[in-house]
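J.: predicted coordinates and the sequence they were generated for:
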Amino acid sequence: MDGLQMTEEQRAPCESNSDVIKIEAGAGTGKTTTLRGIAEAKRDKRQLYVAFNKSIQVEASRKFPSNVTCKTAHSLAYGAIGRDYGNVHGKLQGDIKPFHVTRQLTSSLSGVPSSAHNLYGGRVIETVKNYLVSADSTLSPKHVSIGDAPVERSHFDPQRILQDAMQVWTAMQDLRSEVPMLHDGYLKLYQVAGRRLPYDLILFDEAQDTNPVTQAIVNQQQAKKVYVGDRHQAIYGFRGASNAMELIPSDETFYLTGSFRFGNEVAEVANRILDLKGDVVHLRGLGAESKIRPLTASEGYAYLSRGNAALFDRAVKALTKNEPFSFVGDIRGYRFDQILDVYQLSIKGQVKDPFIRSFSSFDELVEYAEMINDREVKSRCKIVTAYGRDIPGLLERIERAALAPVEDGNVADNRLILTTGHKSKGLEFPNVQLAGDFMEFLDSDTGQLIDMSKADTNLIEEINVNYVGVTRAQRVLHLNEQLEAYLEHLEELAANRSSRPSMA
């Protein structure tokens with residue numbers, strides 16, 4: 001700890017002896033340094049660092065002292081249970097598809113149109129997956145996944161889906177069955193088994209993104225615990241994440257507010273976003289000077305969108321302007337294939353995606369997307385309307401023109417880097433532009449701020465995605481129209497308050 005350069009905020013949790021502490025670490029505030037400080041201060045304790053993913057685990061193993069074992073929750077479970085499935089050829093797989101479970105669904109599929117067989121199987125699998133990431137010990141109706149597509153309303157029975165999910169889960173656990181076991185499956189078995197771990201202290205990183213099953217594994221241990229994360233970066237509710245930073249009670253809570261990533265201008269934009277949620281803890285920009293201004297192509301920047309369709313649109317513009325561009329990670333992760341499927345639906349062509357294929361027409365898909373306000377489907381429909389028959393050729397050109405994938409903003413040239421707010425989490429870029437498909441902060445009818453008294457978890461996550469996007473910028477942040485309008489509205493409110501006559 002003495003060899004680490006730490007702020008007073010970072011030193012405070014290192015000196016705590018409480019059984020359960022939480023560290024609310026804002027974007028770029030040096031949480032890894034703080035955790036290393038805690039580990040150094042308690043070298044006499046057997047410690048476990050629970051990493052969010054494998055890459056974080058590997059990095060932590062290089063940085064933390066020898067008394068700390070660095071593991072993901074899955075690697076803990078694999079050693080105890082998962083290896084049994086890994087030793088059976090083909091049994092342990094990364095995913096499970098409808099064709100894997102056809103035998104278990106034979107009876108149910110007899111009453112479902114053949115065009116929806118894959119969709120039905122997908123819903124059964126989703127039901128199993130909902131259970132696997134929960135803290136629950138048994139499958140129940142609350143885990144059932146069923147959508148609003150017309151064929152689902154007509155032919156899918158929730159109780160039948162639950163019964164089929166139970167059969168699939170039983171088959172997954174059977175080492176002789178051809179139904180694959182998932183990594184989340186043996187993690188669930190590990191959680192239900194209630195295994196005890198031989199550690200005195202558990203450091204639980206990225207706690208805002210944990211799911212209930214991982215949280216339960218940590219909670220049931222007798223060790224002291226340190227939960228660290230940023231509740232304002234909780235954006236994975238759709239994957240079953242439960243944001244332990246808000247749900248878990250602690251004996252002490254510490255805050256890291258000094259960000260080394262950016263200066264005060266970016267910090268202030270982030271703080272205005274946090275104000276919407278009534279947050280009283282604000283970021284301080286301790287990094288190099290940052291600016292809020294438009295960016296030009298010659299500077300190179302990361303273009304962050306809310307959804308994948310906006311990236312397709314921006315890639316097309318890059319093609320027409322001969323701008324060099326890359327995606328963060330594999331381009332297949334952006335699901336441009338679903339734009340092609342929506343196009344195929346519009347011309348009554350061959351559709352691969354079972355959900356999109358379940359609609360009888362493009363107009364029916366548009367109506368569905370509007371009815372349930374599915375932002376991504378709505379965006380894909382707009383792309384198809386805008387580009388029409390050019391879509392297949394544009395997709396091929398984008399794939400050919402895209403430079404090698406990047407993992408962050410540390411590239412030698414001034415290329416355009418394309419990614420979503422979700423995929424940008426954990427990364428940083430010198431320059432960032434926010435796309436125009438993020439949420440509106442002002443009500444379109446009244447021009448007033450959105451009513452946060454009615455905010456649900458979905459709205460909170462939309463606000464968080466904005467916060468994540470803003471806090472990826474190190475030097476320059478190019479705002480979208482929504483954020484500009486929001487900040488101008490706040491300025492007007494402040495000006496009106498200051499111009500009111502005193503009542504004294």
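T.: Here it is on my side, so go on.

J.: and Ala404, how far from Leu395?
T.: Separation of Ala404 from Leu395 (Cβ to Cβ, to the nearest Å) stands at 19 Å. All C-beta atoms are positioned from the backbone trio N, CA, C, and that covers glycine.

J.: which one's more surrounded, the two?
T.: Each of Ala404 and Leu395 has its neighbours counted (other Cβ atoms under 10 Å); Leu395 has more, 20 against 7.

J.: on the three-state scheme, the more buried one is what?
T.: Three-state assignment for Leu395 (DSSP: H, G, I helix; E, B strand; the rest coil): helix.

J.: surely it meets Leu340?
T.: Yes. At 6.0 Å, Leu395 counts as touching Leu340 under the criterion of Cβ atoms under 8 Å.

J.: report the central residue of the chain.
T.: Of all residues in the chain, the one closest to the mean position by Cα atoms, centre = their mean is Tyr236, 3.7 Å from it.

J.: please parse the protein into its domains.
T.: Annotated domains of the chain cover 8-78+189-256, 96-179, 263-329+405-504, 332-394 [automatic domain parsing].

J.: what ranges does the protein have for its strands?
T.: Along the chain, counting by DSSP state E, strands occupy 20-25, 47-51, 68-72, 201-204, 224-229, 252-256, 258-259, 284-285, 291-292, 301-305, 325-327, 416-420, 429-434, 473-478.

J.: adjacent strands (with direction) for the second one?
T.: To tie it back to what came earlier, the one meant is strand 47-51. strand 68-72 (parallel), strand 201-204 (parallel) (DSSP bridges).

J.: what sits up against it?
T.: 35, 39, 57, 60, 64, 67-73, 76, 197, 199-206, 214, 218, 223 (Cβ atoms under 8 Å, 6 or more residues apart in numbering).

J.: likewise for the fourth one?
T.: The list of residues contacting strand 201-204 from outside it, by Cβ under 8 Å, 6+ apart, reads 35, 38-39, 42, 45-50, 68, 210, 218, 221, 223-228, 244.

J.: repeat for the last one
T.: Outside strand 473-478, the residues that touch it by Cβ under 8 Å, 6+ apart are 261-262, 265-266, 269, 287-295, 299, 301, 409, 428-434, 470.

J.: follow-up on the earlier one: of the strands of the chain, flag the one that's most buried.
T.: Mean neighbour count (mean count of other Cβ atoms under 10 Å) peaks for strand 301-305 among the strands of the chain, with a mean of 27.

J.: could you give the angle of that one to strand 473-478?
T.: Going by axes from the mean of the first three to the mean of the last three Cα atoms, to 10 degrees, strand 301-305 is angled at 70 degrees with respect to strand 473-478.

J.: roughly how far out does strand 301-305 sit from the chain middle?
T.: Relative to its chain's centre, strand 301-305 lies at 17 Å (Cα atoms, centre = their mean, to the nearest Å).

J.: quick one: average pLDDT of that strand?
T.: Averaging pLDDT along strand 301-305 gives 96.

J.: and if you look at stretch 313-328?
T.: Mean pLDDT, computed over stretch 313-328, is 96.

J.: what do you get for stretch 153-163?
T.: Mean pLDDT, stretch 153-163: 95.

J.: end to end, how far does it reach?
T.: 18 Å (Cα to Cα, to the nearest Å).

J.: give the buried residues for it.
T.: 156, 160-162 (16 or more other Cβ atoms under 10 Å).

J.: so who does Ser177 touch?
T.: Ala171.

J.: quick revisit: among the strands paired with strand 47-51, which is nearest Ser305?
T.: Ser305 lies closest, by Cβ to Cβ, to one member of the strands paired with strand 47-51: strand 68-72, at 28.6 Å.

J.: got the CA positions of the closest one in CSV?
T.: This file holds the C-alpha atoms of strand 68-72, laid out as CSV (Å, rounded to 0.1, in the frame of the first residue of the first chain):
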residue,chain,number,x,y,z
VAL,A,68,-5.0,-12.8,-3.5
THR,A,69,-6.6,-15.5,-5.7
CYS,A,70,-8.2,-14.0,-8.8
LYS,A,71,-11.1,-15.9,-10.2
THR,A,72,-14.3,-15.4,-12.1
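
J.: how far is that strand from where the chain is centred?
T.: Offset of strand 68-72 from its chain centre (Cα atoms, centre = their mean): 22 Å.

J.: next: stretch 460-477.
T.: With Cα atoms, centre = their mean as the basis, stretch 460-477 stands 13 Å off its chain's centre.

J.: equivalent analysis for stretch 150-170, please.
T.: For stretch 150-170, the distance to the chain centre is 27 Å (Cα atoms, centre = their mean).

J.: give me the contact list for that stretch.
T.: Contacts of stretch 150-170 (Cβ under 8 Å, 6+ apart): 101, 104-105, 108, 111-113, 115-116, 119-120, 123-125, 127-128, 131, 139-141, 143-146, 179, 185, 358-360, 364, 368.

J.: hmm, Ala485 is touching Phe441, no?
T.: Yes. Between Ala485 and Phe441 there is a contact at 6.9 Å, judged by Cβ under 8 Å.

J.: mind listing the helices for the stretch 251-400 of the chain?
T.: 264-276, 308-320, 336-346, 354-357, 362-372, 375-387, 391-401 (DSSP state H, counting those that start in this stretch).
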